[in-house]
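S.K.: Sequence first, then the predicted structure, then my questions.
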Amino acid sequence: MDDDVDALAGPEEGDLSVFALPFARIASLYRYPIKGLSPERLDMADLEAGGYFPGDRLFAIENGPSGFDPKAPAFQPKIKFLMLMRNERLAALRTRYIDPTSTLVIELDGVEEVRAELRTEAGRAEVEAFFKRFARYQLRGEPRVLEAPPAFRFVDTTEGYVSLINLATCRALAEEIGAPVDPLRFRGNLYLDGLEPWEEFDLVGHTIAVGDFVKLRVTERINRCAATNVDPVTAKRDMDIPGTLLRSFGHVDCGVFAEIVEGGLISAGDPIRFAG
């Protein structure tokens, strides 16, 4: 990775040609409308400067009283919500969120269990009743559907605006473990191809251009927790991702966060360059 640092340090003074050369591309885009529930693949996304990834972490399922106040929203630790780190059975659900009607559809074992509008009292009550049954042995109190007010999202850190995952890093981790590692374990927004393993860390502090309009400032590496140990398809806790990262690479990081500096439309296949 040391050689890659020089490559990412930027151009020589007066040489702007490097800004025209893509060094990666978007392989896929995902959002997670309800914290801890299914990823949803997108063909494109319209990013807004200073905002969060569109449609991401709009709702959360409170696991007993959390102290969250929608009139004065503030970051809450993930343990206050139903989430994969402790509630791996959530991965057995297949959910989708229908934007125009704010409807959440929940399927279990191929059977539709719930179809409810989350912005109605009756709809939230139906979802809450489902989780009261489904997660009854993991609840600390009554489950409650929480909606993020404007300019707030139920992300895991105060800086978690957009997350970027390097697919080459996932492949390197799989080689270390000796088994395939589904990149969706890391619940990222943008999955990138074209980088070397771990090269995404060298982007921290840089501003990158995505497609024709969007600029992202890469802010920090993402620490990983036990949620990544859960297979997103089987719902089994079958790997020790943080432990492997620490033992083999000396850290527990995978992926990076970025802030949206300039907004616009992005889509799968878009090139990524340094922003000149």
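M.R.: Good, I have the coordinates.
S.K.: Now stretch 176-193: buried residues?
M.R.: Residues of stretch 176-193 classed as buried: 181, 183-192 (neighbour count, 16 or more other CB atoms under 10 Å). From N, CA and C alone the C-beta is placed, and that goes for glycine too.
S.K.: F53 - that's part of a strand, no?
M.R.: No: read with DSSP: H, G, I helix; E, B strand; the rest coil, F53 is coil and lies in no strand.
S.K.: Hmm, it is touching R31, no?
M.R.: Yes: using CB atoms under 8 Å, F53 makes contact with R31 at a distance of 6.2 Å.
S.K.: Mind checking which of these two has more residues around it?
M.R.: F53 (25 against 19; other CB atoms under 10 Å).
S.K.: now the more buried one: how far from V145?
M.R.: 21 Å (CB to CB, to the nearest Å).
S.K.: Then K35?
M.R.: 11 Å.
S.K.: Which other helices and strands does the top helix by length along the chain contact?
M.R.: If you go by DSSP state H, the chain has its longest helix at helix 121-134. Counting contacts by 3 or more CB pairs under 8 Å, 6 or more residues apart in numbering; DSSP states H and E, helix 121-134 is packed against strand 59-63, strand 103-108, strand 111-117, strand 143-147.
S.K.: how about a cut-off of 7 Å?
M.R.: Judged by 3 or more CB pairs under 7 Å, 6 or more residues apart in numbering; DSSP states H and E, helix 121-134 is in contact with strand 111-117, strand 143-147.
S.K.: Let me see the residues that make contact with the helix or strand that the last one is followed by.
M.R.: Once strand 143-147 ends, the next helix or strand along the chain (criterion: DSSP states H and E) is strand 162-166. Taking contacts as CB atoms under 7 Å, 6 or more residues apart in numbering, the residues outside strand 162-166 that touch it are 53, 183, 186, 188-192, 195, 199-200, 216, 222, 255-258, 260.
S.K.: Now the residue positioned nearest the centre of the chain. Nearest residue, chain neighbours left out?
M.R.: Residue closest to the mean C-alpha point of the chain, counted by CA atoms, centre = their mean, is G188 at 3.3 Å. In space, and not counting its chain neighbours, G188 is closest to I165: 3.5 Å by CB to CB, 6 or more residues apart in numbering.
S.K.: ok, now how distant is the one you found from A258?
M.R.: Remark: distance between I165 and A258 (CB to CB) = 12 Å.
S.K.: Ok, R171 next?
M.R.: Applying CB to CB, the value for R171 to A258 is 22 Å.
S.K.: cool, and L37?
M.R.: Distance from L37 to A258, by CB to CB: 23 Å.
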